[in-house]
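>>> need a 3D model of the following:
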Amino acid sequence: MKKEKTEDMVILINPPNPPRRVSNKDMMGGFGQCYSIECEVKVPPIDIPYIAAVLRENKINVKVVECLGDCLSQEQLLEELKNISETLICIRTSTPTFLWDLEIVKKIKETIKTCVILFGPHVSINPNDIINNPYVDALILGEPEYVIKNIALNGFKEVLGVWYKEDGKIIKNKTGVFIEDLDALPFPSWDLLPYKNYTVGHLMPRQHPTLFMQTSRGCPFACSYCPYPLAQGMKYRKRSSRNVLDEIAYLINKFDVKNIIIRDPEFTLDKNRVIEICEGLITANYGLVWRCETRVDTLDETLIELMRSAGCIGINMGIESKSEKVCKNVGRAPLNEAHTKNIIKKCRELGIHTFCFFIIGLPGDNIKSALETIEYSIDLKPNISQFTVATPYMNTQLHKWALDNNFIDGLSLNEISGYEAMMRNEELSSNEIQLLRDGAQSILDTIEKTRVKTEEEELTDNKALISIIMDLYFSKYYSKGIRRVVIYGTMGISIPKLKKRGFEILAIVDERHEGKMLCKNRILSLPFIKLFKPEAILVSPFKNTSNLRKQMKDEILIIEFLKGIKKISILIIKKLLQYKII
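Model prediction:
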């Protein structure tokens, strides 16, 4: 087939997911997060439909290849592109997918004659290295909507916010500026994306498509760990309430949308604007439901009541740490505990779903403060608690602090997710941070899923509850590709559950019960482990691993749950009983 010459076309690409991962590039202020393949959340980068709308407004031919929503593989993407040539291809990258995205760029350049431009907040972190990649033709540093339009109309020369190659030289244009008038942007062109395929799990009703809005950009709070200010700046830039309401009407009329997620860093920062938006929604009476993200200290009970009347069914809010010391160390004003509890309680009474974020391992965090944060998360009773690890996103103040103190243990781009510990702090090793995070998340997930009636003394040694926690903990390694395993220890591990997860149980090893049968497996002794050549050894929380580690000599991955699991379990028992969860 003859190639179509399409020099007047711009192709916007959200590349395929990395192997066995789901890439949501809009998360973390646009730096992105990767999740396991089982993840139900698929959120598009919102800058792509905005760019498409700006191009359309300027009568520029645009095509979107959205591999996340359309579930396109690398091969299918190349097939989609093979019959075009001499066009601008703009590829949206992110921090955890960057190395994978570069491989895709290489294959595109080897397949067709084209100009490849990379964009996304990650590009601004280390542009000198990126522009020197032989397959990358240009970079966009900053917000891309008008920059790509200007390139398509006038070429690269003198366009602000662009680095490009010309005649073997690298040209670095002047730095771009953030878009001040957000009302001037056209509404996103969702019709060019597979908008009906986006999902957010159980966070929104499933009978209607969910679409995403951005009613403001920028965050004026200087939390040292947060990448949002790097991507959007610290100046708060907001759309007018009228412009926001007009877009909502547009989404409802054109796309039959009934669910909207507002992707602002701080939706309720301007209280009067939120009141105007809510009053407009109440008057319109669309039957719309929506959720947002914001700070607890910008909410009050009256505002929450109005938001609920306007259709709000969920609020995400960052709590991060109970410790005032830890909060102050990262430039975050400590939250008033009584106010935070009242806000979450009010949301619960009104039927507003609360999703609270917590971080383990920030500067000054230790085992005591981490356990207090875990207890606090239970005490608050949000619908969902999400625990992450302190992550040194490049160019944040946390990253600089960790570098200065030699606290970074490894910074592999494809592992920067918020879930994989890659730094330590003054008191916790990266392994301890990881175990505390995993333990906390497993316990909170267990609280959501378990309704067991028993006495406090019985629960302290309740192997059934422990096995549920262990199953949730080990499942993260299945998501990483671990399949063939040996079990070390028989207490607190459910063999049937692990098999149901998909693990292949090669053997069960326990010196104290050698020769006995368990789940149709004969229990063996330590020396037999190496004969099976497992990918990993899953260890019971009640098992001492000193002999195991001596014999394995780091030849096989040993996956051991937080040694303090009993301590943490006892710590939360009173809370479980208090809330009558058990």
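>>> when you work out contacts or count neighbours from here on, use the C-alpha atoms and nothing else.
OK.
>>> list the contacts for I505?
Counting by C-alpha atoms under 8 Å, 6 or more residues apart in numbering, I505 touches 484-487, 495, 499.
>>> what mean pLDDT does the helix or strand hosting N253 get?
Using DSSP states H and E, the element containing N253 is helix 241-255. When pLDDT is averaged over helix 241-255, the result is 97.
>>> now do the buried residues in it.
Buried residues in helix 241-255, counting neighbours by 16 or more other C-alpha atoms under 10 Å, are found at 241, 243-245, 247-249, 251-252, 255.
>>> give me the helices and strands touching that helix, please.
Here helix 241-255 touches helix 271-284, going by 3 or more C-alpha pairs under 8 Å, 6 or more residues apart in numbering; DSSP states H and E.
>>> any idea how far apart the tips of stretch 492-512 sit?
Across stretch 492-512, the terminal residues are separated by 15 Å (C-alpha to C-alpha, to the nearest Å).
>>> picking up where we left off before, identify the residues contacting the helix holding N253?
Under the contact criterion C-alpha under 8 Å, 6+ apart, helix 241-255 has outside partners 183, 187, 215, 257-258, 273-274, 276-277, 280-281.
>>> let me see the ranges of the helices in the stretch 101-250 of the chain.
127-131, 145-154, 228-232, 241-255 (DSSP state H, counting those that start in this stretch).
>>> with only the CA atoms kept, save the helix holding N253 in PDB.
Output of helix 241-255 as PDB, limited to C-alpha atoms (Å, rounded to 0.1, in the frame of the first residue of the first chain):
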ATOM      1  CA  SER A 241     -17.400  29.200  37.400                       C
ATOM      2  CA  ARG A 242     -19.400  30.100  34.200                       C
ATOM      3  CA  ASN A 243     -16.800  28.400  32.000                       C
ATOM      4  CA  VAL A 244     -16.800  25.300  34.200                       C
ATOM      5  CA  LEU A 245     -20.600  25.000  34.100                       C
ATOM      6  CA  ASP A 246     -20.600  25.500  30.300                       C
ATOM      7  CA  GLU A 247     -18.200  22.600  29.900                       C
ATOM      8  CA  ILE A 248     -20.300  20.400  32.100                       C
ATOM      9  CA  ALA A 249     -23.300  21.200  29.900                       C
ATOM     10  CA  TYR A 250     -21.200  20.400  26.900                       C
ATOM     11  CA  LEU A 251     -20.100  17.000  28.300                       C
ATOM     12  CA  ILE A 252     -23.700  16.100  29.200                       C
ATOM     13  CA  ASN A 253     -25.200  17.100  25.900                       C
ATOM     14  CA  LYS A 254     -22.500  15.800  23.500                       C
ATOM     15  CA  PHE A 255     -21.400  12.600  25.400                       C
END
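>>> following it, which helix or strand shows up next?
Next along the chain after helix 241-255, taking DSSP H and E as the criterion, comes strand 259-262.
>>> now the chain, which segments are flagged as low pLDDT?
Within the chain, the stretches with pLDDT under 70 are 1-7, 447-469, 561-582.
>>> quickly find the element holding I315.
Using DSSP H and E, I315 falls in strand 312-320.
>>> just checking, what packs against that strand?
Packing partners of strand 312-320 (3+ C-alpha pairs under 8 Å, 6+ apart): strand 289-294, strand 353-360.
>>> could I get these as JSON lines with mean neighbour count?
As requested, these are arranged in JSON lines below (neighbours: other C-alpha atoms under 10 Å):
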{"stretch": "strand 289-294", "mean neighbour count": "21"}
{"stretch": "strand 353-360", "mean neighbour count": "23"}
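>>> pairing partners for the helix or strand I91 falls within, with directions?
If you go by DSSP H and E, I91 is part of strand 88-92. According to DSSP bridges, strand 88-92 forms sheet pairs with strand 9-14 (parallel), strand 115-119 (parallel).
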